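Visitor: Sequence and predicted structure, then a few things I'm wondering about:
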Amino acid sequence: MYVPTETESSRPIRIVHVVGARPQFVKLAPLCRAVAAVNRVVAVPLDSIIIHTGQHYDALMSEVFFEELHIPRPDVDLDIGSGPHGWQTGRMLEKLEPALERIRPDIVLAYGDTNSTLAATLAAAKLRISVAHVEAGLRSFDRSMPEETNRIVADHLSDLLFAPTPAAMRNLAAEGLAMRSTQVGDVMLDATRHNLALARERSQVLETLELTAGQYYVATVHRASTADGAALGQLLDVFNTVAAMDCPVIFPVHPRTARRIEAASDWRATPALRLIEPLGYLDMICLLDAARIVLTDSGGVQREAFFLGRPCITLREETEWVETVTEGGNIIAGTDPERILAAVATWEHSLSRGTADLSAGLARIFGDGTAAERIIARVIEHVQE
């Protein structure tokens, strides 16, 4: 348990990072490096405290990320676990409030669009603690998505809004939030660039799975809208169809999705559809880096595919990362098998002509890989104002 030791008059700027899910750990890592860089050159170092809500508690979804990304171990672990949205968010609020009162931070950093994000911004705002939202301004314009609710609430409660893209800045301006907003670039790009060389050097995932670069697809499914109900059955069937096209599909299965598949006793994967356990970050980056095509319902994987120059098919009816579509790296296909197969055919045609170059808009849209440094500089400026 974290116990502050400095007096209020002498202590450094105290930053609390609230994280709880796999994508947030990836985003946290560049911010930890940026804090460490500042602390190497200032007389009074930043005090950086990590609170892990426990939203993702499985070792493959949590612990391995802290180890691989060299993130400091959490100072506080709320150990919430999974559950319905209301229960999970309520339990987070119940435990976050006393933790923040005890730590007395100058600012709380909330990441992304999970229940941990919502709880962090609510708890801090009610305690009149400054809040910064990393990855602000994203909108799918689909209010049926829990993530959309979390994003909107987090943005409107936060004092600082760190937008990753021009589209995110436009969304914030449209909601009257321009004065709180700064376009900093995407911390996921920071993470991908920092870790790609390490992944290529250390990961043995291609050898372990006996894969050849460019000769397999990667599929991921984890959202409630795609992992629950009839949509998952459609996706599993189309994955079998795609895998039968002489290009195996590697399917790291999220725990939520695994439970649904286990319950579908009448479905079987074809030999070329290979269901595997969730991968660590370095293995997943390496797997995506060498994939032929990526099929996903994940916002994070959409961007990573774009950053790595891998053609993507989004298994949703919308994306908050519209630039991946407008810049030619992503096709929205939903869960309809015909649309997914048409998107596969489109990408295969482009690949056969050698025209699937996705790099043109990367720097213009997502920044230069130094978003974390900009965020920490603005946080320091805000606290000292």
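Guide: Sure thing, it's come through. Numbers count the residues shown, from 1 in each chain.
Visitor: measure V35 to I13 for me?
Guide: 10 Å (Cβ to Cβ, to the nearest Å). Using the backbone N, CA and C atoms, a C-beta is placed for each residue, glycine as well.
Visitor: What of E317?
Guide: 43 Å.
Visitor: More neighbours: these two, which one.
Guide: I13 (21 against 14; other Cβ atoms under 10 Å).
Visitor: Touching, that one and R104? I think so.
Guide: No - using Cβ atoms under 8 Å, I13 is not in contact with R104, being 11.8 Å away.
Visitor: For G86, see how far away V187 is.
Guide: With Cβ to Cβ as the criterion, V187 and G86 are 29 Å apart.
Visitor: Then P337?
Guide: In terms of Cβ to Cβ, P337 sits 34 Å off from G86.
Visitor: Settle it for me: which of the two has more neighbours?
Guide: With neighbours defined as other Cβ under 10 Å, P337 and G86 compare such that P337 has more, 16 against 9.
Visitor: what's around N240, how many residues?
Guide: For N240, the count of nearby residues is 17 (other Cβ under 10 Å).
Visitor: May I ask which helix or strand encompasses it?
Guide: Assigned by DSSP states H and E, N240 belongs to helix 230-243.
Visitor: Report the backbone C-alpha coordinates of that helix in PDB.
Guide: Taking C-alpha atoms only, helix 230-243 is exported to PDB below (Å, rounded to 0.1, in the frame of the first residue of the first chain):
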ATOM      1  CA  ALA A 230     -25.300 -14.300 -32.800                       C
ATOM      2  CA  ALA A 231     -22.500 -12.100 -33.900                       C
ATOM      3  CA  LEU A 232     -19.800 -14.400 -32.500                       C
ATOM      4  CA  GLY A 233     -21.300 -17.400 -34.300                       C
ATOM      5  CA  GLN A 234     -21.100 -15.500 -37.600                       C
ATOM      6  CA  LEU A 235     -17.500 -14.500 -37.000                       C
ATOM      7  CA  LEU A 236     -16.400 -18.000 -36.000                       C
ATOM      8  CA  ASP A 237     -18.000 -19.400 -39.200                       C
ATOM      9  CA  VAL A 238     -16.400 -16.800 -41.400                       C
ATOM     10  CA  PHE A 239     -13.000 -17.300 -39.700                       C
ATOM     11  CA  ASN A 240     -13.300 -21.000 -40.700                       C
ATOM     12  CA  THR A 241     -14.100 -20.000 -44.300                       C
ATOM     13  CA  VAL A 242     -11.200 -17.500 -44.500                       C
ATOM     14  CA  ALA A 243      -8.800 -20.100 -42.900                       C
END
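Visitor: how about that helix: buried residues?
Guide: Neighbour counts over helix 230-243 (16 or more other Cβ atoms under 10 Å) mark 231-232, 234-236, 238-243 as buried.
Visitor: Adding pLDDT and distance to S116, write those residues out as JSON lines.
Guide: Shown next, in JSON lines, are the buried residues of helix 230-243 (pLDDT from 0 to 100; distance: Cβ to Cβ, whole Å):
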{"residue": "A231", "pLDDT": "87", "distance to S116": "25"}
{"residue": "L232", "pLDDT": "89", "distance to S116": "25"}
{"residue": "Q234", "pLDDT": "92", "distance to S116": "30"}
{"residue": "L235", "pLDDT": "93", "distance to S116": "26"}
{"residue": "L236", "pLDDT": "92", "distance to S116": "29"}
{"residue": "V238", "pLDDT": "95", "distance to S116": "32"}
{"residue": "F239", "pLDDT": "96", "distance to S116": "30"}
{"residue": "N240", "pLDDT": "95", "distance to S116": "35"}
{"residue": "T241", "pLDDT": "96", "distance to S116": "36"}
{"residue": "V242", "pLDDT": "96", "distance to S116": "33"}
{"residue": "A243", "pLDDT": "95", "distance to S116": "34"}
